[in-house]
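Asker: Show me how the following folds:
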Amino acid sequence: MKAAVIASDSVTVETVPDPAPGAREVVVEVAACGICGTDLHIAEGEFAPTLPIVPGHEFAGRVVAAGSDVTQLRVGDPVAVDPSLYCHECHYCRLGKNNLCENWNAIGVSKPGGAAEFAVAPAANCVRLPESVSLQDAALIEPLSCAVRGFDVLQPALADNYLIYGAGTMGLMMMELAKRAGAGSVSMVDLNPARLETAKELGCTATVTSADELDRPRGWEVVIDCTGVVAAIEDGLGRVAPGGTFQQFGVSAEGAKATFSPYRVYNKEIRIVGSMAVLHSYERAAALFAEGALKPEVMISHRLPLEEYPAALDQFRQGIGRKIQVNP
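Answerer: So this is what the prediction gives:
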């Protein structure tokens with residue numbers, strides 16, 4: 001089969017052996033695979049424990065083969081795949097905090113992923129989808145599940161006012177969930193005018209290139225960084241209203257450092273929270289997606305053939321477009 005391969009010094013599309021399922025695994029014929037910041041970090045030498053690796057942790061498709069012990073899925077079933085692979089034995093797994101697994105693995109990060117014609121996944125990680133759902137669009141379920149996890153951590157209140165840094169795919173998803181959570185307002189900050197136009201199209205309250213353009217002297221109850229950019233993080237931390245919450249949702253470089261005022265965090269009771277990947281949120285994301293929580297035609301800006309994966313990754317690096325997918 002054809003698959004994208006990230007090595008230590010290259011990104012290529014190659015012919016690799018077809019996968020075979022283990023006893024409790026299935027083989028999925030990939031309909032679409034999204035590209036995100038994690039893939040870029042892998043290409044830059046972070047996250048993946050070993051290279052080369054077939055990337056792709058955002059994917060959906062149809063089951064084409066099932067292992068001998070698989071009973072809940074059948075060949076032909078349309079599925080979206082949760083890429084998270086937990087050990088279920090370590091301290092954090094035993095506490096139910098599987099996304100913090102001490103032996104954490106993931107399809108497309110440490111195991112071959114969905115930027116390929118076929119991918120293997122545990123049957124337990126597959127969510128069967130209604131036939132009415134487009135499988136190419138359903139690759140959005142994985143990032144949506146991360147956003148759902150983000151809101152589990154936030155514990156928002158009705159009429160909270162949100163300030164979101166980054167109007168890329170994740171920022172737009174967080175905006176859509178904020179509206180569903182009863183936000184009083186949702187304002188977005190981005191330096192990319194095209195992305196701000198998309199946020200405006202989806203019903204954002206205000207779109208700006210700097211929060212200085214917004215008149216909210218008391219700040220925002222919820223500030224979310226979806227960029228991972230230190231300058232945005234530092235700015236956002238200073239915009240949180242007393243008693244409010246700052247969420248680090250975007251992925252920064254591992255060695256990145258941000259400066260903030262610990263006195264203000266103490267004195268104004270600022271809550272700072274992180275949100276890591278997926279936890280008990282994938283099924284809910286699939287249900288939200290099936291009922292139309294997102295507009296795929298807006299979220300997905302580019303659909304490219306698998307052969308163009310290197311160019312697609314480079315396009316993502318340049319910040320061109322919104323969600324970029326490859327379609328094997």
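Asker: before we move on, which element is the residue nearest the centre of the chain in?
Answerer: Compute the mean C-alpha point of the chain, and by CA atoms, centre = their mean the closest residue is residue 143, 3.1 Å away. Secondary structure assignment for residue 143, by DSSP states H and E: helix 141-154.
Asker: Tell me the helix or strand right after that helix.
Answerer: Where DSSP H and E defines the elements, the next helix or strand beyond helix 141-154 is strand 161-165.
Asker: Adjacent strands (with direction) for that following strand?
Answerer: In the sheet, strand 161-165 lines up against strand 185-189 (parallel), strand 220-225 (parallel) (DSSP bridges).
Asker: Following element in sequence after it, please.
Answerer: Where DSSP H and E defines the elements, the next helix or strand beyond strand 161-165 is helix 169-180.
Asker: Send over that next one as CSV, restricted to the C-alpha atoms.
Answerer: Extracted C-alpha coordinates of helix 169-180, given in CSV (Å, rounded to 0.1, in the frame of the first residue of the first chain):
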residue,chain,number,x,y,z
THR,A,169,-9.3,24.5,13.2
MET,A,170,-9.0,23.9,16.9
GLY,A,171,-9.8,27.5,17.7
LEU,A,172,-12.9,27.3,15.5
MET,A,173,-14.0,24.1,17.2
MET,A,174,-13.5,25.6,20.6
MET,A,175,-15.6,28.5,19.5
GLU,A,176,-18.4,26.3,18.3
LEU,A,177,-18.4,24.4,21.6
ALA,A,178,-18.3,27.6,23.5
LYS,A,179,-21.5,28.7,21.8
ARG,A,180,-23.1,25.4,22.6
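Asker: got the angle for it vs helix 141-154?
Answerer: Here the directions of helix 169-180 and helix 141-154 differ by 50 degrees (axes from the mean of the first three to the mean of the last three CA atoms, to 10 degrees).
Asker: same for helix 169-180, what does it pack against?
Answerer: On a contact count with 3 or more CB pairs under 8 Å, 6 or more residues apart in numbering; DSSP states H and E, helix 169-180 meets helix 141-154, strand 161-165, strand 185-189, helix 193-201, strand 220-225, helix 296-299. From N, CA and C alone the C-beta is placed, and that goes for glycine too.
Asker: Dump those to CSV, plus distance to residue 84 and mean pLDDT.
Answerer: CSV is the format used below for these (distance: least, CB to CB, whole Å; pLDDT from 0 to 100):
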stretch, distance to residue 84, mean pLDDT
helix 141-154, 9, 98
strand 161-165, 24, 98
strand 185-189, 28, 98
helix 193-201, 28, 96
strand 220-225, 22, 98
helix 296-299, 22, 97
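Asker: could these go into JSON lines alongside distance to residue 237?
Answerer: What follows is the helices and strands packed on helix 169-180, written out as JSON lines (distance: least, CB to CB, whole Å):
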{"stretch": "helix 141-154", "distance to residue 237": "16"}
{"stretch": "strand 161-165", "distance to residue 237": "11"}
{"stretch": "strand 185-189", "distance to residue 237": "13"}
{"stretch": "helix 193-201", "distance to residue 237": "22"}
{"stretch": "strand 220-225", "distance to residue 237": "7"}
{"stretch": "helix 296-299", "distance to residue 237": "28"}
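Asker: Out of those, flag the one nearest residue 30.
Answerer: Nearest to residue 30 among the helices and strands packed on helix 169-180 is helix 141-154 (12.5 Å), distances taken as CB to CB.
Asker: chain center to that closest one: distance?
Answerer: Between the centre of helix 141-154 and the centre of its chain there are 8 Å (CA atoms, centre = their mean, to the nearest Å).
Asker: likewise stretch 61-70?
Answerer: The answer for stretch 61-70 is 25 Å, by CA atoms, centre = their mean.
Asker: Go through that stretch and flag the buried ones.
Answerer: 61, 62, 63, 65, 66, 67, 70 (16 or more other CB atoms under 10 Å).
Asker: The nearest residue to the last one once chain neighbours are set aside - how many residues pack around it?
Answerer: Distances taken as CB to CB, 6 or more residues apart in numbering place residue 123 nearest to residue 70, at 4.5 Å, with adjacent residues excluded. When counting by other CB atoms under 10 Å, one arrives at 20 neighbours for residue 123.
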